[in-house]
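J.: A structural model of the following input is requested.
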Amino acid sequence: MTNVKIVTDSTLDIDQSIIDELDIKIVPLSILIDGNSYIDRFGIKPDEFMGKMKTSKELPKSSQPSVGTFVETYNELGKNGSKILSIHMTGGMSGTVSSAESAAQISEADVTVIDSRFISFALSFQVVEAAKMAKNGKSVEEILDRIESIRDNTDLYIMVDTLENLVKGGRIGRGKALLGSMLNIKPIASLADGVYTPVNKVRSHSQVIKFFTKQFKEDVAGKTVKSVGIAHAGCLKLAETLKDSLKEVSGFEDTQISFTTPVISTHTGPGALALMYFAE
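T.: Presented below is the predicted three-dimensional model:
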């Protein structure tokens, strides 16, 4: 039995089979829309949520797991003496890390909390490697060193297809959004140091593919590509086009594609596309 248990939250994009195989414990966030509350990842399908969000007058509200939920999880996993490594979505987008840190101080278990500074597949790169190392009997210190290296060698870029959710969330004004929509502007941002950071603006999906592919090619030059993930909010065909484009310039074939979770879709809005890769 492994002496290190891996805990994360529901904002990572990962196949359930991998979660089961590596015994990863997910503590989910929740999402409130039109007066109804759902458990992120598990309580509502991504496409169903997308339909509800498009017709909702207000932006859905996400809620981080409670401190008590984390304490219960840590105590249960640690009751046999196991140490716990709790790896979570960037603190720049949610208070989930803070809840986990508060719980770690209360829990009877030995818990180390990590801010991945990422979401989606970029979060799963760290979680999966940590779980594999834990299964192979590695120590918390060895796992932490490896996670830091993965984090430092991971990039995330995201394209927002519509500005509506940014308006509802109070990030930009209605007038600016209207002008952006008229010009068909699609903002592209990175998640630098865990914070949404605008890097470019394009006016077509073809330009999105071109920008992502160029950035990917430049960033992985001279390196070995370890993992690539593409998350989308209802634009599977665009995601597949990007996958093919990346393969053409790198030869990398094992790119994962996923319809991202409701919590992330709430931040990005429908039609968003995110590219994440880890190379060293």
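
J.: mind checking the end-to-end distance for stretch 25-35?
T.: 28 Å (C-alpha to C-alpha, to the nearest Å).

J.: so for that stretch, what's the average pLDDT?
T.: Stretch 25-35 carries an average pLDDT of 93.

J.: mind listing what's buried in it?
T.: 25-31, 33 (16 or more other C-beta atoms under 10 Å). Backbone N, C-alpha and C define where each C-beta goes, glycine included.

J.: so of these, which ones are in strands?
T.: Judged by DSSP state E, the subset of those located in strands is 25-27, 30-31, 33.

J.: want to try JSON lines for those, with distance to residue 276 as columns?
T.: Conversion of those to JSON lines gives the following (distance: C-beta to C-beta, whole Å):
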{"residue": "25", "distance to residue 276": "22"}
{"residue": "26", "distance to residue 276": "19"}
{"residue": "27", "distance to residue 276": "22"}
{"residue": "30", "distance to residue 276": "24"}
{"residue": "31", "distance to residue 276": "22"}
{"residue": "33", "distance to residue 276": "26"}
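
J.: Send over stretch 136-149 as PDB, restricted to the C-alpha atoms.
T.: Extracted C-alpha coordinates of stretch 136-149, given in PDB (Å, rounded to 0.1, in the frame of the first residue of the first chain):
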ATOM      1  CA  ASN A 136       5.900   3.500  -6.900                       C
ATOM      2  CA  GLY A 137       6.700   4.300  -3.300                       C
ATOM      3  CA  LYS A 138       8.300   7.700  -3.800                       C
ATOM      4  CA  SER A 139       8.500  10.100  -0.900                       C
ATOM      5  CA  VAL A 140       6.600  13.400  -0.600                       C
ATOM      6  CA  GLU A 141       9.800  15.300  -1.100                       C
ATOM      7  CA  GLU A 142      10.700  13.400  -4.300                       C
ATOM      8  CA  ILE A 143       7.200  14.000  -5.700                       C
ATOM      9  CA  LEU A 144       7.300  17.700  -4.800                       C
ATOM     10  CA  ASP A 145      10.600  18.100  -6.600                       C
ATOM     11  CA  ARG A 146       9.100  16.500  -9.700                       C
ATOM     12  CA  ILE A 147       5.900  18.500  -9.600                       C
ATOM     13  CA  GLU A 148       7.900  21.800  -9.400                       C
ATOM     14  CA  SER A 149       9.800  20.800 -12.500                       C
END
